[in-house]
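Undergrad: Here is the input, now give the coordinates:
(chains A and B)
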Amino acid sequence: MSRRDLVAVLTLVVVGGIMVLVVADMPAFGSLGPQYNVMYEKFTGRVVQETGAVNAVTGIILDYRAYDTLGETTVLLVAIMGTMAALGAGAVHPAAGAAAGRPLDSRILALVLRVVIPFTQLFGLFVIFNGHLSPGGGFAGGTIIGASLILGALVSNYRPGRRAEVRSEIVESASVGWYLLVGFAGLLAGKAFLSNAGVFPLGTPGMPFSGGMILLVSMAVGAKVASTMQTLFLGLVHGGIRHEREAER
Amino acid sequence: MSDVLSYLLLIFMVVAAIAVARAKDLVSAVVIFASYSLAMAIMWQMLQAPDIAITEAAVGAGLTSLLFLATIARTQRYER
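TA: Okay, the predicted model is just below:
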C-alpha cells in the first residue's frame, strides 16, 4: 500500500466515521411528530385557502415558493445553453447527418410507440393541468411529455435539421418569458412579484380551474421541462461534434 | 410487512448503487441505474410523497436512461 492509498483510506475512515456518528445522533425516523415542525400548521391549515390548491406540495412550490421555481426554470435555461454550446448543436453536417438521423429499424417498436405516445402525452398533460388537485405538476408532467417526444424522435422519419431544434428553442425561451409575465401581473395589480391571492381568482378549491396563478405557472414549467429534454436529446444525437469527428476519419 | 419491503428495497438500492459504479458495460450500468430509480420511486410512495415518486419514476427511470443511452451512442460502450 503506497502512501497515497494510506491517506485515501484514512480520509475515508475519518469522514465515514463522522457521518456514522452524526446519523447515530439523529432521532429515530418518524419519532418526532409534526408538533416539532413550525411550518406544519401553516402548510396543512392555510395552504388551501391561501393558494386555492388542494395539493399542498404544488401550493407550496408554485405559490409560496414560486420565486424559487422561477430560479430553477432559469437554471434549466442556462444549463441547456451551456450544453448546446459544448455539443455544437445546430451545426449539423448535411451529408453525415443522414446516417445519424436514421430512425430505429424496428417495426414492432414503431407500431407500439405509435399507440403509446398519444396516451403518454395525454397523461403528461393531465399531470400538468391537475397539479393543484393531485400529485404531480409542471415538472413531472413536462418530463413525461419530454420522454414521449424523445420516443417519437426515435421512430419517426426525423431528418437532422434546424427545424425541430429551433421550435424547441422558441418554446424554451417563451416558457420562461411566460413565467415572468405571470409574475409581472402581480406587480401590475399593486402586489409583490409572483403573488397569487388577490391578483388571480383562486376559484373553488378542488375544481379544475382553481388555484389562480398555479395553472399558468405549471404550464410554463411543463413546457420548459419538455422542450429542455427534447433539445438535450436532439443535441446529443444530432449535434455537431460527431459529424466533425466523422469528417476527420 | 411494509417494513420488510422497505428493508428489501433499501438493500437492493445499495447493491444497485455499487453495481452501477462497478459495471464495465455502460449500457448495463444505465439499466441498473433505472432499476435503482424504480426502487427509489416505490420508496418515495411508501414514505407518502407521491409527487416525488412521479418525478423520480419519470426522470430517473425514464429520461436520464434515454439521455445516458444517447451519450453512450456518441462516445463508447465499454469503460476502459
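Undergrad: got a list of what B:V30 touches?
TA: By CB atoms under 8 Å, 6 or more residues apart in numbering or on different chains, B:V30 lies in contact with B:S65, B:F68, B:L69, B:I72. To be clear about C-beta, it is placed using only N, CA and C from the backbone, and glycine gets the same treatment.
Undergrad: State the number of residues packed around A:L6.
TA: 10 (other CB atoms under 10 Å in any protein chain shown).
Undergrad: And the helix or strand hosting A:V176, what does it pack against?
TA: In the assignment (DSSP states H and E), A:V176 maps to helix A:162-188. Helix A:162-188 sits against helix A:66-87, helix A:213-238, with contacts defined as 3 or more CB pairs under 8 Å, 6 or more residues apart in numbering or on different chains; DSSP states H and E.
Undergrad: roughly how far apart are A:A147 and chain B?
TA: Separation of A:A147 from chain B (CB to the nearest CB, to the nearest Å) stands at 5 Å.
Undergrad: Look up phi and psi at that residue.
TA: Per-residue torsions, A:A147: phi -60, psi -40 (degrees, to the nearest 10).
Undergrad: which residues of chain B score low on pLDDT?
TA: B:1 (pLDDT under 70).
Undergrad: Up against chain A, what does it have?
TA: Applying CB under 8 Å from any CB of the partner chain, we find that chain B lies next to chain A at B:50-51, B:53-55, B:58-59, B:62-63, B:66-67, B:70-71, B:73-74.
Undergrad: just those residues now: which is nearest A:L215?
TA: B:D51 (16.4 Å; CB to CB).
Undergrad: close enough to count as contact, the closest one and A:T58?
TA: Yes: contact criterion CB atoms under 8 Å: B:D51 and A:T58 qualify, at 7.5 Å.
Undergrad: neighbour-wise, which of these two wins?
TA: In this view B:D51 and A:T58 are compared by other CB under 10 Å, and A:T58 has more residues nearby, 27 against 20.
Undergrad: Just the ones of the contacts of B:V30 in strands?
TA: Judged by DSSP state E, strands contain none of those.
Undergrad: Just send those residues back as CSV, with neighbour count too.
TA: Shown next, in CSV, are these (neighbours: other CB atoms under 10 Å in any protein chain shown):
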residue, neighbour count
B:S65, 19
B:F68, 18
B:L69, 16
B:I72, 17
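Undergrad: Just the ones of the residues you listed in helices?
TA: Counting by DSSP state H, the contacts of B:V30 place B:S65, B:F68, B:L69, B:I72 in helices.
Undergrad: quick check, nearest of those residues to A:G203?
TA: B:S65 (38.5 Å).
Undergrad: right, and the closest one touches B:Y36 too?
TA: No: B:S65 is beyond contact range of B:Y36, at 10.8 Å (criterion: CB under 8 Å).
Undergrad: Next up, the contacts around A:F129.
TA: A:F129 touches A:G141, A:P208, A:L215, A:S218, A:M219, counting by CB under 8 Å, 6+ apart.
Undergrad: Near the closest residue to the fourth one other than its chain neighbours, how many other residues are there?
TA: Looking back up the chat, that one is A:S218. Spatial nearest neighbour of A:S218, excluding adjacent residues (CB to CB, 6 or more residues apart in numbering or on different chains): A:G138 at 4.1 Å. Using other CB under 10 Å, A:G138 is surrounded by 30 other residues.
Undergrad: Same question for A:G198.
TA: That count, for A:G198 with other CB under 10 Å as the rule, works out to 13.
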